[in-house]
Structures are given as structure tokens and as C-alpha cells.
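> Give me a model of this one.
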Amino acid sequence: MGDKNFCENPIIKNIYTADPAPMVLGDTLYLYTTHDEDELINDFYTMKDWRCFSTTDMVNWTDHGVIFSLDDIEWADDRAWAPQAVERNGKFYLYCPVHKKNGGMAIAVGVSDNPAGPFKDLGHPLVDEGDWNDIDPTVFIDDDGQAYLYFGNPELRYVLLNEDMISYDEKVGVVKIPMTEEAFAKGSHDTGTSYGEGPWFYKRDGLYYMVYAAFGVDKRDEHLAYSTSVSPTGPWVYGGVLMTEEGGVFTNHPGIADFKGHSYLFYHTGDLPGGSLFHRSVCVAEFSYNADGSSDTIDKCGGVSKIQ
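Below you'll find the model as predicted:
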């Protein structure tokens, strides 16, 4: 038997999971993940559904099973990739990148009255630029009520969501963030910066944070980095490396939450038995911010302790 006061990484041990997206609701933390299938098709990411897990103490987790899947999205046929959920006006919205039939990547939205689903598809993409950039949505509702949906690989882009959370301001359209070294550091990804994908957008003590999967100069695997801004739309200023690349897999994906007075970084590795580039596992580390809002590099760790 394990220690009942400690959650040993990886958090979920019975299936392969990746792309963790925490959402705190009252005294419960909900964790949305992707699911790497055991059997690969064409030796590539084989992902068909999204999962949800919840906890009140960071040690005991409830498995809510499949909450949304490609079978629920008639216009999509593949790639159930990194999601994020948010609550507004008593409804829950799950933003998910998928491959559109006869198209590129696009962002779907599932809607539910319950944080653990099941979610129902809108019936059409929310964002569909006809290219491959429309992946890894991250959603945030600011204090003034304006909601933002950032996304993108290799470019970081955003839309201003309307209050219904299932449409965006078409006049403003899709805005492209300038991919500068000042914003995202010099790196080896397609824009010449370190920004790769997997953005995670949030606000803390008046500072806006963009955490993302990044490629260092001459590095093959992703690390996690962050940038900050005093405005929700930038300009962004590079902050540093949040987690180094030695997770045993090509990708990583950040999810950050403050929960019951503790700060957590969720990420993924290849640490489960049979782990590989395409068989990943969600983990968590507790960390603390410096007085100026910056963060030192966070170590991959064995797990986290129980909280009340």
C-alpha cells in the first residue's frame, strides 16, 4: 500500500494521459486530460477522447471516465488533442483541438451543465482558419468579464470570446501575437523563438502569465517556459524556463492552478511502464512564486503531499 498522505507521480496509472488542464471549482480541483491509446495507428499520437479526474486533497482522485470524444463531434475525424475547460454562468465549456474532416486542425467546444460532463458539441468549429495552427486552446475570463482564447503552434494567436463562450468577436477576428525574442526568447522552433505550443494563460496578482511548451536552441525535446505581461493581449516579456526537457518524451504541456493555498504545475512525462513519445503520463509538482511574481525552474518530482 502507498502512503495515503502522498500522491505519487504519475497521478493516473491505469491509462496513458497527457496535456493536463486543471480547473478549480470551490473545494474541488478538476483535471482534464487527453488519452493516449495503448494501440498506436501509424506510429503516431492515437487519441480519441478526453478524460476528467477530480480531487479535494490532491491525493485521492475520482475518475470520471470519458467526458467527450471524437464520436461526439460529427465534423471531426481524428486527433483529440489538448483541451481546457472553464465555467461561466453555471455552464462548463471544454475547448478541444481536433482534425476537421477534409481540413486542418480546428477548435471544438463541448458544453455541459456538469464539470465532469458529459459534454455536447456545438455542431461546428469555434475557430477554423483552415491551417494547422489551431491547436492547444487556453481560455481565461478576466476580471472585467472579457474572455480570451489563446492557441497555436507555431504562432501564438487569440480571439476575444463573446459572453456566450461559444462564439468570438468576428470584427477583431484572429489576432496574431508578434513572435519576438523579447517575448519568447531565441529558440529552435519555426518562428525562431522558443515558443512551440501548449499555451496556458492565467492571471495572478495583476500579472498575466503565458506558460508554454518551448524549444531551446539546438534542443529536440520540449521544455516549459513562461512569459508575462501587464495586459491580457501583451506585449509579452520572456520570464525564463519553468521546467527542463528531461521528461523522456518529445512533448510537455503545462497546466497551472492555485488550490487551497498551494500552487501546482501539472505536466506530463513518459514515466509509466511502456511509456514513450506517444504513451505519456500526467504528473504534478507543487511550487511557489517569488515576491516579484517570477518563478524559478521547477523540478520534476515524485509527487505531492495531501492537503486539507
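> now the strands: where do they sit in the stretch 1-150 of the chain?
Secondary structure of the stretch 1-150 of the chain, counting by DSSP state E, counting those that start in this stretch: strands at 6-8, 16-25, 28-36, 49-55, 61-69, 76-78, 84-88, 91-100, 105-112, 120-121, 138-141, 147-151.
> okay, those in a markdown table with mean pLDDT and mean neighbour count next?
Heads up, the C-betas are built off the backbone N, CA and C, glycines and all. Shown next, in a markdown table, are these (pLDDT from 0 to 100; neighbours: other CB atoms under 10 Å):
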| stretch | mean pLDDT | mean neighbour count |
| --- | --- | --- |
| strand 6-8 | 98 | 16 |
| strand 16-25 | 98 | 24 |
| strand 28-36 | 99 | 24 |
| strand 49-55 | 98 | 22 |
| strand 61-69 | 98 | 18 |
| strand 76-78 | 98 | 18 |
| strand 84-88 | 98 | 20 |
| strand 91-100 | 98 | 24 |
| strand 105-112 | 98 | 23 |
| strand 120-121 | 98 | 18 |
| strand 138-141 | 98 | 22 |
| strand 147-151 | 99 | 23 |
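> Of all those strands, which one is nearest A183?
For A183, the closest of the strands of the stretch 1-150 of the chain is strand 147-151, at 12.9 Å, according to CB to CB.
> Direction included, what does that closest one pair against?
strand 138-141 (antiparallel), strand 157-161 (antiparallel) (DSSP bridges).
> In TSV, list those strands along with distance to A291.
Shown next, in TSV, are the strands paired with strand 147-151 (distance: least, CB to CB, whole Å):
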stretch	distance to A291
strand 138-141	24
strand 157-161	29
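> Which of those sits closest to G216?
Using CB to CB, the strands paired with strand 147-151 put strand 138-141 closest to G216, at 21.6 Å.
> Output the closest one in PDB, but only the C-alpha positions, please.
C-alpha atoms of strand 138-141 as PDB (Å, rounded to 0.1, in the frame of the first residue of the first chain):
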ATOM      1  CA  THR A 138      -6.300  28.000 -23.400                       C
ATOM      2  CA  VAL A 139      -9.200  30.000 -22.000                       C
ATOM      3  CA  PHE A 140      -9.300  32.800 -19.400                       C
ATOM      4  CA  ILE A 141     -12.100  35.100 -18.200                       C
END
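> Quick one: distance of that strand to the chain centre.
11 Å (CA atoms, centre = their mean, to the nearest Å).
> Please apply the same query to stretch 284-296.
18 Å.
> tell me, how many neighbours does E163 end up with?
12 (other CB atoms under 10 Å).
> what's near enough to touch it?
Applying CB atoms under 8 Å, 6 or more residues apart in numbering to E163 gives the contacts 88, 145, 147.
> Give the closest residue to the second one in space, chain neighbours not counted.
Spatially, and ignoring its direct neighbours in sequence, G145 is nearest to E163 (7.0 Å; CB to CB, 6 or more residues apart in numbering).
> now do A147
Distances taken as CB to CB, 6+ apart place L161 nearest to A147, at 3.8 Å, with adjacent residues excluded.
> for the one you found, what are its contacts?
139, 146-149, 167-169.
> measure D169 to T233 for me?
12 Å (CB to CB, to the nearest Å).
> Listing partners with orientation, what would you give for the strand or helix carrying S227?
For S227, the host element (DSSP states H and E) is strand 223-229. Using DSSP bridges, strand 223-229 pairs in its sheet with strand 207-214 (antiparallel), strand 237-243 (antiparallel).
> Can you say which of the ones you listed is packed in most?
By mean neighbour count, with neighbours taken as mean count of other CB atoms under 10 Å, strand 207-214 ranks first of the strands paired with strand 223-229 at a mean of 25.
> Correct me if wrong: S229 contacts P235.
Yes. The pair S229 / P235 is scored as a contact, 6.4 Å apart, by CB atoms under 8 Å.
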